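**Student:** Sharing a model that was predicted from the sequence below.
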Amino acid sequence: MQSLPALYGPRTLWTPLLFSGFPLGADPQNMTWYPLAWLFSLIPDSFNAFVLAAYVLASLFTYGYVHTLTGSRLAALVAGTTYGMSGFFMAHLGHTNIIHAAAWMPLVIWALEKLRERPHGVWVAALAIGVAFSALAGHTQIFVYTLILAAAYALFRGWRAPRWWRYYAVSLAGAVLGICLAAVMLLPALELTGESVRSRLSFSEFTAYSLPWRQTPELFFPYLFGGTRQHFYDTPYFGSWNLTELTGYVGLIPLVLAGLGVALSRKAPFIWFWAAVALISVLLALGDGTPLSRFLFHLPIYNRFRVPARHFAEFSLAISVLAGFGTVAVMRLTQNERLKAVRLASIVMAGVMGLVGLTIVFHLAPTLRQEALEAGISDLSVRPWLNPAIGVPPLMFLGGIVILWWWSKHPAAAWRSALLIAILVVDLGSFGWFHDWRWRAPAEADVHRPDTLEAYHAELAVSGQRLIPFYGWIQPLHLGAPNLTRLWDIPSASGYNPLILKRYSQLLSMDSKGLFPAATLGHEYRALDLLAVRYLFLPTTPGLGEDPAFVTNMLAADPTRWRHPQDLPLGTVYENLRAMPRAWLVPEVMSLRSDEILIAIQQSRLPDGRTYDPSMVALVEEPFTFKAENRASHHSAQVIRLSDTSIEVHVDAETAAFLVLSDVYYPGWQATIDGEPTHVLRTNYVLRGVMVSPGVHVVRFEFRPTRFYAGAGISAFAVLTVIGVLAWPLVGKSKSFVSGG
């Protein structure tokens, strides 16, 4: 719904096909400026490869970092496999932006480590690229977490560096250079955030999707609160919403190896750094479960993000690194020391597993049964032999410990090492193999416009009007689901985006997932009319949201507004007979406060008591009023040219009039009348409008966002700087060769 059109859709600064107009180039999640998305978008049928690339890169970069520190390929392989196959990565497969942003986190850390050895231009460039690509991948939250982790790592590692001041200066320069590389997206994104519903979050929104204390056993028993009905994990999820966001499983064997890493390498300072990262990340993932969240809520930028459980990204990387150190630490011991260390770690971990298991059976069992019962699950058992979610982890741990002990007897043996990696994969796969990747995969047909929408696509292309899916993100694809309508070149008043514009959200009472209440369809509510929404697609499947029968009866009771032209498989279509055209002229403009305008649109009543008719009156917030002396008998406004970032309207006005365009107002939109600049007014709460004089005119609206041009200039300069940084050693060698010759 989101990632597929982001990859295959046109790369543009603005799209008129979502939310009645949306600044697509400023939206991080569209990946407009992400080089990997550019590359894969050029390859037919490459969506799966693009998704898998995040897992490969995450593992490779972690491998490189751990190999740099340990010199051990096996330790690096353990770390890379753990991070790339961690529960965080597997659970977030549907969040393409998250996994791609998190994939660059270990590269940033790796580059900082290499720069500590020697400030080489290649690693300055690698640091800049890692920072930039983490941002451009499209998930600002993970990008900020990466910056925070990188800053902490650089401060920690640079403190005892031979030339600490140089290390700090070079590291800071590389990070700033990376931010500048991403400025083409970051600057417009800051503007969009300020205009969106994310301009400010309440504390409850900030801590939404925190890991509850009662669900912390999921770190050892990942399907304790149910799963996704895959194979023998057949209990549906019944814990706090939702499993994807609250998953932090990193395997059981990696936890044993991580414990060995801390115990056997405790004199190495960076061991304690990663141990602290693991601990702090879990505390942060608990969100409002600790007092720490109250303090963090007041931190600028950081307080714009929800889902504290996404700190499991840093937790997964920390455990992966520690597991790598544990592997190499065991290999460096004598055989007796190895066996003793593994035995002790196994006993400690077995004790932890036993304690967690006893807590589940004797303390959490009533809570589990009660929550399951509330979710309609009456047969939940906490007996390990009846509930695989409780029975599989101990068996996995037991098998893993046996192989770990067997490997530790002769760790240099290649086939024993291969078996260690194999059990590691099985351990991690005991969660990931059964998660929802099996049913979330898009079909090839999703890229193409459904046959059910062909006629509507043709009609809306002529009229310039829009459709809207009633159930937003849970709407069946063939009934106009967002955001695929953009891929299908169908204009929609809906969309799926956490950065939905705040005013647009208020106008339609629409959330970031495209859901809006049935009250918006009421006779007095004029929002859909103003947005030129011609067709409403209503699924008839019960259980999606508001009762379809109730909505159908509501529409049938208003025949002067809603007409029922067609039934479709699993749905029906209604035509809005009051939908305004894409552009129209009005003889009167009133200046009101924004709240008064919103009420007038919702209730069809102006403050002076008159009925609000959008074909007769335009409402603006600037101190501007207008009323034609005589009502013209001939007025027309027709869209003659339309592209993503411009629209031309042919106007024939008998008298002076006000032109209203049913496209969203946003900073950067400019207008000319017959080539002469004119002022664009925010009209009818979210739309654009300009004043036109009598006569025939061509009004042209163009999107020229200053934030984008400023960001593009900074990014272009940064690209040249990176090229210069990479080329400088070659220039030096060339000069040496010439002088030597």
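**Tutor:** Arrived safely, thanks for sending.
**Student:** distance between the ends of stretch 199-218?
**Tutor:** 33 Å (Cα to Cα, to the nearest Å).
**Student:** pLDDT on that stretch, on average?
**Tutor:** Stretch 199-218 carries an average pLDDT of 93.
**Student:** Ok, stretch 561-578 next?
**Tutor:** For stretch 561-578, mean pLDDT is 93.
**Student:** can you pull the buried residues of it?
**Tutor:** 561-562, 568, 571-574, 576, 578 (16 or more other Cβ atoms under 10 Å). Placement of C-beta: from N, CA and C, glycine included.
**Student:** Need the residues that contact it.
**Tutor:** Contact partners of stretch 561-578, identified using Cβ atoms under 8 Å, 6 or more residues apart in numbering, comprise 452, 456, 476, 478-479, 521, 523, 526, 528-529, 533-541, 552, 555-556, 560.
**Student:** Swap in 7 Å and give it another go.
**Tutor:** Residues from elsewhere that reach stretch 561-578 (Cβ atoms under 7 Å, 6 or more residues apart in numbering): 452, 476, 479, 523, 528-529, 533-541, 555, 560.
**Student:** now swap in stretch 159-178 and tell me
**Tutor:** Residues outside stretch 159-178 that contact it (Cβ under 7 Å, 6+ apart) are 111-112, 115-116, 119, 124, 127-132, 150, 154, 158, 718, 721-722.
**Student:** do stretch 192-202 as well
**Tutor:** Outside stretch 192-202, the residues within contact range by Cβ under 7 Å, 6+ apart are 23, 26-27, 303-304, 306, 498-502, 505, 512.
**Student:** Would you mind giving the buried residues of stretch 561-578 as CSV with distance to Gly609 and secondary structure added?
**Tutor:** Compiled in CSV, these are given as follows (distance: Cβ to Cβ, whole Å; DSSP: H, G, I helix; E, B strand; the rest coil):
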residue, distance to Gly609, secondary structure
Arg561, 22, coil
Trp562, 27, strand
Leu568, 42, strand
Gly571, 40, strand
Thr572, 37, strand
Val573, 36, strand
Tyr574, 31, strand
Asn576, 26, strand
Arg578, 21, coil
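**Student:** just for the stretch 501-650 of the chain, where's the confidence low?
**Tutor:** For the stretch 501-650 of the chain, applying pLDDT under 70 flags the ranges 632-633.
**Student:** just so I have it, where are all the helices in it?
**Tutor:** Using DSSP state H, counting those that start in this stretch, the helices of the stretch 501-650 of the chain run over 502-508, 527-530, 548-556, 594-603.
**Student:** Show me this protein divided up by domain.
**Tutor:** 206-438, 444-576, 583-704 (automatic domain parsing).
**Student:** Tell me which of these lies nearest to Gly94.
**Tutor:** Gly94 sits nearest to domain 206-438 of all those, at 6.8 Å, using Cβ to Cβ.
**Student:** where does His100 sit relative to Ile377, distance-wise?
**Tutor:** To Ile377, His100 is 35 Å away according to Cβ to Cβ, to the nearest Å.
**Student:** Any chance of the buried residues of stretch 561-578 in TSV with distance to Gln603 as columns?
**Tutor:** Output for the buried residues of stretch 561-578, formatted as TSV (distance: Cβ to Cβ, whole Å):
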residue	distance to Gln603
Arg561	15
Trp562	19
Leu568	32
Gly571	30
Thr572	28
Val573	27
Tyr574	22
Asn576	18
Arg578	15
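**Student:** of those, closest to Asp595?
**Tutor:** Lowest distance from Asp595 to the buried residues of stretch 561-578 (Cβ to Cβ) belongs to Arg578, with 23.7 Å.
**Student:** Can you flag which of the contacts of stretch 159-178 belong to helices?
**Tutor:** 111-112, 115-116, 124, 127-132, 150, 154, 158, 718, 721-722 (DSSP state H).
**Student:** Buried subset of these as a PyMOL selection?
**Tutor:** Buried residues within the ones in helices among the contacts of stretch 159-178, by 16+ other Cβ under 10 Å, are selected in PyMOL with:
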select buried, resi 111+112+115+116+124+127+128+129+130+131+132+150+154+158+718+721+722
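**Student:** which residues of the stretch 201-350 of the chain fall in helices?
**Tutor:** Remark: helices assigned in the stretch 201-350 of the chain by DSSP H, counting those that start in this stretch are 203-206, 243-246, 253-264, 269-285, 292-296, 312-331, 335-359.
**Student:** which of the residues in the fifth one are buried?
**Tutor:** Which is helix 292-296. Residues of helix 292-296 classed as buried: 293, 296 (neighbour count, 16+ other Cβ under 10 Å).
**Student:** Great, nothing more from me.
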